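*Asks:* coords please:
(chains A and B)
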Amino acid sequence: MTKPIQAIRGMNDLLPDAAQRWRRIEQQVIGVLGAYGYREIRLPIVEQTELYRRSIGEVTDIVEKEMYSFADRNGDNLTLRPEGTAGCVRAGIENGLLYNQIQRLWYCGPMFRHERPQKGRYRQFHQVGVEAFGMSGPEIDAELVLMTARLWRALGLTDIALEINTLGTPHSRAGYRTRLVDYFESHQAAFDDDSRRRLTTNPLRILDSKNPALSGLIAAAPSLLDHIDDESRAHFERLKTLLDGAGLRYRVNPRLVRGLDYYTRTVFEWVSSQLGAQATVCAGGRYDGLVEQLGGKPTPAAGFAIGLERLVEICGLSQATSPTDAPVQVYVTMLGERAEREGLALAEALRDRGLAVLCNSDGGALKNQLKRADRSGATFAVLLGEDECQNGLASVKNLRADEAQQQLSQAALGAYLRRRLGLDPA
RNA sequence: GUGAGCGUAGCUCAGUUGGUUAGAGUCCCGGAUUGUGAUUCCGGUUGUCGUGGGUUCGAGUCCCAUCGCUCACCCCA
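*Replies:* Model (predicted):
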């Protein structure tokens, strides 16, 4: 045997049982999005590298070391999308969807980041992304959050909690950042290497550190909420009022910081305790500056992304049993050359009548063919041998109930099976 | 990129202080029924013990390297 080729690390196959569970969950998600008037948009998986450099931020981990980038044959620098928002905004600008318009959009598909795989984190992973353009008020922020809450209810999820925060405007955040760096620099001795590095790259993330040695220092740090501008504070207060009014429970987490540079004002995150270290199932927020930053007219925007691997993981834990795909209804066994020839035609005729039919293939003793019929999940087996063929008949055996085997004309077979399967009235 | 744990049949796993020809269940195939499944009985194939070195009379077992998987750090959906 030659050496088999393996899948790329962190890129997983979804086998039929898993694919079925995924599709079921995706359909639930899409159903809820549709109920809020969101429409699907399909976007390329590859974009110019520059798009991500300009949107996600030059100094983020994603851009610095996680992107799958390569030179196209003509020398263009392309990248497998590490997230969906940038591409969606690019498409919106390019196709005139955002100019003086309100848009509610969603998309679904694979994203790529070169990280070390672990539970809930893969190099090819899948997101459902939702973006709302042209609305600057907190009502749309609330709508996005309420929509996700409805989705969790639809999926029967209970172990999932909402955290919200506001980042203010880029200007007020920059001021806070300076204050924070000043504060931390005076206490640098206690820092671990990671936090020391973050001091220059992303100081706000130090607030999120898991190092218990820093918890006292972090608790005493200046708070972002004390430094944001009045308009952002009013926006945030109004959002909380709207969520309260809708009866939604949440926790204000002043240390909640998104990793991508384009977020402004509202950010939120849904977390579950069932996912290990990668607890975030869904996260998003407002990004009022991004459209302009990518060459469009200034346009307020907000959105979120759901990590499908993580969502499927916690759905699997809450749904004890997962129903299977609709099984085939009829299995056709065939003995002999003539039966094999006529059986294929007979199966086609049954499918013409709307039946799901599995045809035996590669011969085998009748005993084996019936074994396969049983395993296929079919309700009825149709037996075709020399005897049946010579008389234009077919034998029908019920595989799920103890009843006498029938023999009837091939012409009457379709109607009989439809009636017995409950597709036509008796 | 860093660290830890784990790699034995298609799948789930056993394998003693290093000891003969590496085991069980499941799955698959054949038979008990010249054409009748899911139960039962009988028989059969499961394999470069992840890979490559080393120690030893002898390595699935000990050591080193390497690859892969898993979890965590980091990062994030």
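
*Asks:* please save the CA atoms from stretch A:348-362 in CSV.
*Replies:* Below are the C-alpha coordinates for stretch A:348-362, written out as CSV (Å, rounded to 0.1, in the frame of the first residue of the first chain):
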residue,chain,number,x,y,z
GLU,A,348,-36.7,3.9,-11.7
ALA,A,349,-40.4,3.4,-12.1
LEU,A,350,-40.8,3.5,-8.4
ARG,A,351,-38.7,6.6,-8.1
ASP,A,352,-40.9,8.2,-10.8
ARG,A,353,-43.7,7.8,-8.2
GLY,A,354,-41.8,9.6,-5.6
LEU,A,355,-40.4,6.7,-3.6
ALA,A,356,-36.9,6.6,-2.2
VAL,A,357,-35.4,3.4,-3.5
LEU,A,358,-32.1,1.7,-2.9
CYS,A,359,-31.1,-0.8,-5.5
ASN,A,360,-28.9,-3.8,-4.5
SER,A,361,-25.6,-3.7,-6.3
ASP,A,362,-22.7,-6.2,-6.7
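
*Asks:* mind listing what's buried in that stretch?
*Replies:* By 16 or more other Cβ atoms under 10 Å, the buried positions in stretch A:348-362 come out as A:350, A:355, A:357-360. Yep, even glycine has a C-beta here, placed from its N, CA and C like the rest.

*Asks:* now tabulate those residues in JSON lines and tack on pLDDT and distance to residue A:151.
*Replies:* Below are the buried residues of stretch A:348-362 laid out as JSON lines (pLDDT from 0 to 100; distance: Cβ to Cβ, whole Å):
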{"residue": "A:350", "pLDDT": "96", "distance to residue A:151": "39"}
{"residue": "A:355", "pLDDT": "95", "distance to residue A:151": "35"}
{"residue": "A:357", "pLDDT": "94", "distance to residue A:151": "37"}
{"residue": "A:358", "pLDDT": "93", "distance to residue A:151": "36"}
{"residue": "A:359", "pLDDT": "92", "distance to residue A:151": "40"}
{"residue": "A:360", "pLDDT": "90", "distance to residue A:151": "43"}
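
*Asks:* closest to residue A:182 among those residues?
*Replies:* Closest approach to residue A:182 among the buried residues of stretch A:348-362 (Cβ to Cβ): residue A:358, at 71.4 Å.

*Asks:* what about the closest residue to the closest one other than its chain neighbours, which SS state?
*Replies:* Using Cβ to Cβ, 6 or more residues apart in numbering and skipping the chain neighbours, the partner closest in space to residue A:358 is residue A:328 (4.3 Å). Taken by DSSP: H, G, I helix; E, B strand; the rest coil, the conformation at residue A:328 corresponds to coil.

*Asks:* just give the number of residues close to residue A:328.
*Replies:* Number of residues near residue A:328 (other Cβ atoms under 10 Å) recorded here: 17.

*Asks:* do I have it right that it meets residue A:376?
*Replies:* Yes: under the criterion of Cβ atoms under 8 Å, residue A:328 is in contact with residue A:376, at a separation of 5.4 Å.

*Asks:* for the residue in the stretch 151-300 of chain A positioned nearest to RNA strand B, what are its contacts?
*Replies:* Proximity of the stretch 151-300 of chain A to RNA strand B (Cβ to the nearest atom of the strand) peaks at residue A:259, 1.8 Å away. For residue A:259, the residues meeting the contact criterion (Cβ atoms under 8 Å, 6 or more residues apart in numbering) are A:60-62, A:202, A:205.

*Asks:* checking my notes, it in a strand, right?
*Replies:* No: using three-state DSSP, the secondary structure at residue A:259 is coil, not a strand.

*Asks:* need the per-residue pLDDT for it.
*Replies:* In this prediction, residue A:259 carries a pLDDT score of 71.

*Asks:* now it: how far from residue A:179?
*Replies:* Using Cβ to Cβ, to the nearest Å, one obtains 21 Å as the distance from residue A:259 to residue A:179.

*Asks:* what's the answer for residue A:382, then?
*Replies:* With distances defined as Cβ to Cβ, the gap from residue A:382 to residue A:179 amounts to 78 Å.

*Asks:* can you report how many residues lie near the closest residue to residue A:195 other than its chain neighbours?
*Replies:* Excluding the flanking residues, the one nearest residue A:195 by Cβ to Cβ, 6+ apart is residue A:206, at 5.1 Å. Residue A:206: 25 surrounding residues under other Cβ under 10 Å.

*Asks:* wait, residue A:280 sits on residue A:271?
*Replies:* Yes: taking Cβ under 8 Å as the definition, residue A:280 is a contact partner of residue A:271 at 5.5 Å.

*Asks:* more neighbours: those two, which one.
*Replies:* Set side by side, residue A:280 and residue A:271 show unequal neighbour counts under other Cβ under 10 Å, the larger going to residue A:271 at 21 against 16.

*Asks:* bridge partners for residue A:286, pull those for me.
*Replies:* Each beta-bridge partner of residue A:286 is listed here, defined by DSSP bridges: residue A:264, residue A:302.

*Asks:* re earlier: residue A:382 and residue A:179: which is more packed in?
*Replies:* Applying other Cβ under 10 Å to residue A:382 and residue A:179 shows that residue A:382 carries more neighbours, namely 26 against 15.

*Asks:* spatially nearest residue to that one (excluding sequence neighbours)?
*Replies:* Closest residue to residue A:382 in three dimensions, ignoring its sequence neighbours and counting by Cβ to Cβ, 6+ apart: residue A:332, at 4.7 Å.

*Asks:* one more: residue A:136?
*Replies:* Closest residue in space to residue A:136, ignoring its immediate chain neighbours: residue A:300 at 3.7 Å, by Cβ to Cβ, 6+ apart.

*Asks:* what about that neighbour, neighbour count?
*Replies:* Counted with other Cβ under 10 Å, the burial measure for residue A:300 works out to 19 neighbours.

*Asks:* please apply the same query to residue A:384.
*Replies:* Counted with other Cβ under 10 Å, the neighbours of residue A:384 add up to 25.

*Asks:* what's opposite it in the beta bridge?
*Replies:* For residue A:384, the beta-bridge assignment (DSSP bridges) gives partners residue A:334.

*Asks:* same question for the one 10 residues further on.
*Replies:* Each beta-bridge partner of residue A:394 is listed here: residue A:408, as defined by DSSP bridges.

*Asks:* any idea how far it is from RNA strand B?
*Replies:* With distances defined as Cβ to the nearest atom of the strand, to the nearest Å, the gap from residue A:394 to RNA strand B amounts to 9 Å.
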